[in-house]
Structures are given as C-alpha cells and as structure tokens.
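Engineer: Turn this into a model:
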Amino acid sequence: MPQQKLRHCLRAAAPQQEERSTTALGDWYATALFWRPQLALFVNEATLLPLLVPLAPSTTLFERFVPALSTLLSAHGASPAFTGAEAEEMAERRVAKTSNRSVVGIMNEFTFLAEAYSADRGDLDLGELSLRLAETPCGPLYKRHISPDRC
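Structural biologist: Below you'll find the model as predicted:
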C-alpha cells in the first residue's frame, strides 16, 4: 500500500514496454515510511543497498534522492567517477509498480529494522541509519547470504 501511495504522489512517467534502466546499479524500489518526519526508503534491486531520504515535499523527492545516493555510495567507497556517472544517468526517471517480491520483502525487513534502530527518532541521521541498514545480512536471496555493504 505505501508503494502505491508513493507512486501516486510522484506523478512521474511510467516506463515503456521493455524499457530498462541505464544506470550501472539498475532499478531502485521505493516505499513511503509514514513516520514523523515521513521518509522514503529506496532499495536497489541488484545490491539491496538501502537509502533513506526525507519524503516531503514529494514533488522534489527525486532531486534529493540523487545527491543522497552519491553521498551514500561515497561512504561505501565508490569512486567519484562512478557516483557521477550514476547521477548523470538518473536525469530521466520512470516510476513503475514494484515487480520484485523478494525486494519488497527486504524493504519490509529494512522498515522494521529502521524503526528498531531509531526508537527515539529525535535526532535521526538518515545517512548513518542507511549505512547501518546496509550491514544487514540479506539471504538466502540469490542463493547467498551477504549484506548490501559488501556488494
């Protein structure tokens, strides 16, 4: 349900039939976390890397996602050339219904863990929380047990 609400708020173009992502990391999935403040949880399909971004205002969510992703990738040791190329490829965006049920399950687990890790949400650092979530072992997806921070 939160994915549907988020998709409705974003009002971005839907992908055309057989259209694929042009970024190296591929597709990202997102859901809304109706906390105070409201957040968007993004999870990369290929790496299961999580990223939390403030949801409001939803009309500028994509504009805030790209620099937040660059910061997160840098924190994980990605080169500036890689992060720059990813940001450049994200200039055009499409929003589609979530199609990977495994990623939806991981998103639910990250949501649960994020709530537990930030029980006193008074001074919530989304970057630190995203890094902590990335340490979560994700398996037996793809017949391996690995955390997203090690991909």
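Engineer: Any stretches of this structure with poor pLDDT?
Structural biologist: The model of the chain has pLDDT under 70 over residues 1-22, 93-96, 120-123, 139-147, 149-151.
Engineer: quick one: contacts of the longest helix anywhere in the chain?
Structural biologist: When the chain is parsed with DSSP state H, its longest helix is helix 101-117. Residues outside helix 101-117 that contact it (C-beta atoms under 8 Å, 6 or more residues apart in numbering) are 3, 29, 31, 33, 35, 41, 43, 45, 48, 50, 52, 98, 129, 132-133, 136, 138, 141. (Glycine included, C-beta is placed from N, CA and C.)
Engineer: With stretch 44-54 instead?
Structural biologist: By C-beta under 8 Å, 6+ apart, the residues outside stretch 44-54 that reach it are 25-29, 33, 37-43, 61, 64-65, 68-69, 72, 76, 100, 103, 106, 110, 114, 126, 129-130, 133-134, 138, 141, 148-149, 151.
Engineer: for it, how far is the first residue from the last?
Structural biologist: One end of stretch 44-54 sits 17 Å from the other (C-alpha to C-alpha, to the nearest Å).
Engineer: Distance from it to the middle of the chain?
Structural biologist: The chain centre lies 3 Å from the centre of stretch 44-54; the measure is C-alpha atoms, centre = their mean, to the nearest Å.
Engineer: cool, stretch 59-68 as well?
Structural biologist: Distance of stretch 59-68 from the chain centroid (C-alpha atoms, centre = their mean) equals 11 Å.
Engineer: just stretch 62-72 next, same as before
Structural biologist: On C-alpha atoms, centre = their mean, the centre of stretch 62-72 falls 10 Å from the chain's centre.
Engineer: quick one: the strands in this protein?
Structural biologist: Taking DSSP state E as the criterion, the chain carries its strands at 28-33, 39-44, 50-54.
Engineer: And those strands: which comes nearest P80?
Structural biologist: Comparing the strands of the chain by their distance to P80 (C-beta to C-beta), the top pick is strand 50-54, with 18.0 Å.
Engineer: okay, the angle between the closest one and strand 28-33?
Structural biologist: Strand 50-54 and strand 28-33 are oriented at 50 degrees to each other (axes from the mean of the first three to the mean of the last three C-alpha atoms, to 10 degrees).
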